[in-house]
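I need the structure of the sequence given here:
(3 chains)
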Amino acid sequence: MSNFSSLYAFGLGIGTRNAKGEWLEVYFPTPLLNPPDALIQQLAPLLGYTEGNHWITVEGAAKDALSRLNDETIQTLVRSPKPLIAVFLGQDLPPEGVPDSYLKLHLLSHRQIKPRGTDLTGIFRVLPNVAWTSDGPVDPEELPARQLAARIEGRTLKVHALDKFPPMLDYVVPSGVRIADGARVRLGAYLGSGTTVMQEGFINFNAGTEGPNMVEGRVSSSVWVGAGSDLGGGCSTMGILSGGNATPLSVGKSCLLGANAGLGIPLGDGCTIEAGLYLTAGTKVQVLDRTGETVKTVKARDLAGKPHLLFRRNSLTGTIECLPTQHAIELNADLHA
Amino acid sequence: MSNFSSLYAFGLGIGTRNAKGEWLEVYFPTPLLNPPDALIQQLAPLLGYTEGNHWITVEGAAKDALSRLNDETIQTLVRSPKPLIAVFLGQDLPPEGVPDSYLKLHLLSHRQIKPRGTDLTGIFRVLPNVAWTSDGPVDPEELPARQLAARIEGRTLKVHALDKFPPMLDYVVPSGVRIADGARVRLGAYLGSGTTVMQEGFINFNAGTEGPNMVEGRVSSSVWVGAGSDLGGGCSTMGILSGGNATPLSVGKSCLLGANAGLGIPLGDGCTIEAGLYLTAGTKVQVLDRTGETVKTVKARDLAGKPHLLFRRNSLTGTIECLPTQHAIELNADLHA
Amino acid sequence: MSNFSSLYAFGLGIGTRNAKGEWLEVYFPTPLLNPPDALIQQLAPLLGYTEGNHWITVEGAAKDALSRLNDETIQTLVRSPKPLIAVFLGQDLPPEGVPDSYLKLHLLSHRQIKPRGTDLTGIFRVLPNVAWTSDGPVDPEELPARQLAARIEGRTLKVHALDKFPPMLDYVVPSGVRIADGARVRLGAYLGSGTTVMQEGFINFNAGTEGPNMVEGRVSSSVWVGAGSDLGGGCSTMGILSGGNATPLSVGKSCLLGANAGLGIPLGDGCTIEAGLYLTAGTKVQVLDRTGETVKTVKARDLAGKPHLLFRRNSLTGTIECLPTQHAIELNADLHA
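Below is the predicted model:
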């Protein structure tokens, strides 16, 4: 009998396939990182898994075998008319298709993996574009016919989005969070407990917050925000996917990014960027001491990760200045209770 | 017989309760500020109300009694399978639960109360987080089971938001307004007639516009915008809930906040903030006279409420300047007809 | 027999009328610019069209006649219970109502007409405000009764928007595009193949992209974005509808507008605006040569359309500078494949 003790991840899900039989999306109610050996020992022979990274469409005898297991979620899943799929990941390798990609995205949003903690290399190439509609996921090629048919019936087929990633909330609802507009948090985002994402907030896949946090700005892919930090309305964090840096950014604990501010460097704990100031890695910054005297001029990237700094643009001279600060922000307890 | 002449507010509504019987939300089709005495004299004995701030679930004999009243809305409400509730507010006190909170939020959006005109102290603590789904409001704790059940049936339960406040348009549709994305105006917002909120606009609860107004930026909680003012795309107004001031902000009449600008002080009538400029209360500003000579240097907060000022950042010196201006903006009549 | 060889446009659609019989919206599955003469020769006598710009509600005998034509889309349309309408536009004139407005908006989104390529004068006056709901388009005056009725049934009538323009994706789904939030692209937007509109992106009607493009900022009405350009998160382009210029803006090919930047002039090819910098037409700019020496000071509008320029604000002096650059951006091929 095989030894499955090192299995990276496992998920049993139901999903949607297009007319060609290709997977568009998979929903895993209880995805597992490092699944218990006993479970895999039990399932592998039923589903024909031996080793490696594989997904198996569960039909016929295999489905019958599953239905006899004493597991409520499994018994629920096998009753669905939707196609059933089991994904076994022996190792953390770049995703090869929709099923393993979706399993990893689920694990991130279920807080089992931290952002940048799993290999998502090439995920844009393996995920198809999907129309997320009021009738569920639809292949964009099949959409015009579906839209016409709905119109003819007197209905509007609402197309919420046309995207490779669905909204997280339609798959995973983490405990202790608020998200004022579900369209703005992608599946694969990691939201720590106590995170509030306002209407203007945004969190991409493979990015997230430690919690508690107030997010009214944009958390780009690969960015990590430390506990207690507040991202003001419309603020920007540079991602690594387009127009950004090679180094993934992070925001330390108890930081404040002011409204409409921007960040292009990893920020240390207890730092503040003044509202409206965009700090790119190459920005030249005048460093002041506690008395307000200029100490030196450096590029912002040289201040990466340093704690307790206040960045502001002097409104009389136009100079971007960096001052030491002990002022740490505190989130409004009412908003994050 | 009691004297109800001083009753603050009354509403009869239908709502949603979770599995524990706790209210998640209440919809009041015709909420009343200072309801007519005669109405309350008639309803109070039927519903068992005597005095104070109370809400009463209407069932059994009370419901039968209501159904015999000659009032079309009431007759419609009692026919609903949804639980029926009457909310009597003797005085304007901090909300104690979902029913009185929702009544006050309705009154704001029905333009019966201006922002900051009713006591909302502690509303974040009394409002539960709710999943606003395509199947209606759901308690987040009950959501995963509901989502799984929908998936099993082959449906996606769309979770539009997970928030303490619902979108206004699902409860109140004020006359003479346009809202390009309903997700961005919360119940409890006050939109004066002639207000257009574009896709990038946002209006929080207990905030609003006098109308007509163009809103392509963010109106934070407690902010009031005067008639004829234009908030450019992505502009920010500092709120008092997080990261902001103790003093609620306002924007005067006929002001222009340029795109991506920001405001941290109460702004007088006829003022303009240049696109991209963030004016916080502590910003030092050089005040110029009509000839362009520097008169003095002040903090922006010292200019709070003063009319006909233009704020800009000199693009050659980086200095934030304030000039007198008689240039008042005019909204595009076509957009606000 | 008439000569229809110069017909500007034709569409056969189904739509929604309010209780007064006024059109709220029309859906045209296959709108035609310069329709083939043969088609019009065939349809005109059946529908009673002779010349000019007219729309004709198709009922009774005319509908029967259409149903006998050997055309699959027409046969599908006539089977709908929704009212059927034929729109014949002899010339490109300002729209006179909902049917011709919607036909032109469809033609834009179907990439048959470029932005600013058709006469939309006065379209705000002829389009009614519509509630776009989960039950389809509803006249705002009829909405409160519909909302109450839905609530009584225990349903929430979701009001996605209250606007003159619907989301493009509910009418037209162009090939080769991604739109992460359908609420942010209006019908009448033109999205070239390879365009990705992220959650923070926005494209108004009569505006668009040549494709491929990354759009994380706002493309205002009448703005055109050249191939290969990247609009960073939250960036702004000034429109001509409100608060903007008389001259419509454009962005050249292979430009980068940094996150939270802004544009108030037509931008030439290969230009970059630094993150966080708002360049209005009247902004004074110091022009530097390749050695960093100041050449002259001009207003930004004098640099309109000039290629290969980098705009930045010197972070030590606060001066907005313009430098020659040969650095052209490249979109991430994975994101636009």
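
Let me see the contact set for whatever residue of the stretch 1-150 of chain A ends up closest to chain B.
Relative to chain B, the nearest point of the stretch 1-150 of chain A is A:S80 (4.2 Å; CB to the nearest CB). Placement of C-beta: from N, CA and C, glycine included. With contact taken as CB atoms under 8 Å, 6 or more residues apart in numbering or on different chains, A:S80 is in contact with A:I14, B:R151, B:I152, B:E153, B:G154.

In helices, which of those appear?
B:R151, B:I152 (DSSP state H).

What is the nearest of the contacts of A:S80 to chain C?
B:E153 (17.3 Å).

Tell me the bridge partners for A:V251.
For A:V251, the beta-bridge partners under DSSP bridges are A:V225, A:L267.

quick one, longest strand in chain A?
When chain A is parsed with DSSP state E, its longest strand is strand A:9-17.

is that strand up against chain B anywhere?
Yes. Counting by CB under 8 Å from any CB of the partner chain, chain B is contacted by strand A:9-17 at A:I14.

next one: the helix or strand just after that strand to chain centre, how far?
Sequence order places strand A:23-27 as the next helix or strand after strand A:9-17, per DSSP states H and E. Offset of strand A:23-27 from its chain centre (CA atoms, centre = their mean, to the nearest Å): 17 Å.

what are the pairing partners of whatever helix or strand comes next after strand A:23-27, and which direction each?
Later in the chain than strand A:23-27, the nearest helix or strand by DSSP H and E is strand A:32-33. When pairing is defined by DSSP bridges, strand A:32-33 lines up against strand A:9-17 (antiparallel).

From C:I123, how far out is the residue of the stretch 1-150 of chain A closest to chain B?
47 Å (CB to CB, to the nearest Å).

picking that back up, chain center to the longest strand of chain A, what's the gap?
18 Å.

can you check stretch A:185-197 too?
With CA atoms, centre = their mean, you get 7 Å for stretch A:185-197.

Kindly report the same for stretch A:299-309.
26 Å.

now stretch A:31-51
For stretch A:31-51, the distance to the chain centre is 26 Å (CA atoms, centre = their mean).

how's chain A carved up into domains?
A:9-125, A:131-163, A:168-281 (automatic domain parsing).

mind putting the ones you listed in CSV, distance to B:V295 and mean pLDDT included?
Compiled in CSV, these are given as follows (distance: least, CB to CB, whole Å; pLDDT from 0 to 100):
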stretch, distance to B:V295, mean pLDDT
domain A:9-125, 51, 96
domain A:131-163, 53, 95
domain A:168-281, 24, 95
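
ok and the residue in the stretch 151-300 of chain A nearest chain B?
Closest point on the stretch 151-300 of chain A to chain B, by CB to the nearest CB, is A:G276, at 2.7 Å.

circling back: quickly compare the domains of chain A and say which is most buried.
domain A:168-281 (a mean of 25; mean count of other CB atoms under 10 Å in any protein chain shown).

Would you mind listing what in the stretch 101-250 of chain A touches chain C?
Residues of the stretch 101-250 of chain A lying near chain C (CB under 8 Å from any CB): A:122, A:124-125, A:129, A:131, A:134, A:140, A:143-144, A:147-148, A:151-165, A:183-184, A:186, A:202, A:218, A:220, A:234, A:236, A:238, A:241-243.

sorry, back to before: would you turn the domains of chain A into JSON lines with distance to B:A61?
Listed next are these as JSON lines, based on distance: least, CB to CB, whole Å:
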{"stretch": "domain A:9-125", "distance to B:A61": "42"}
{"stretch": "domain A:131-163", "distance to B:A61": "42"}
{"stretch": "domain A:168-281", "distance to B:A61": "40"}
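
Of these, which is nearest C:S175?
domain A:131-163 (7.8 Å; CB to CB).

Just list the residues touching A:L310, thanks.
Per CB under 8 Å, 6+ apart, neighbours of A:L310: A:C271, A:T272, A:E274, A:C322, A:L323, A:P324, A:T325, A:H327.

Many thanks, we can stop here.
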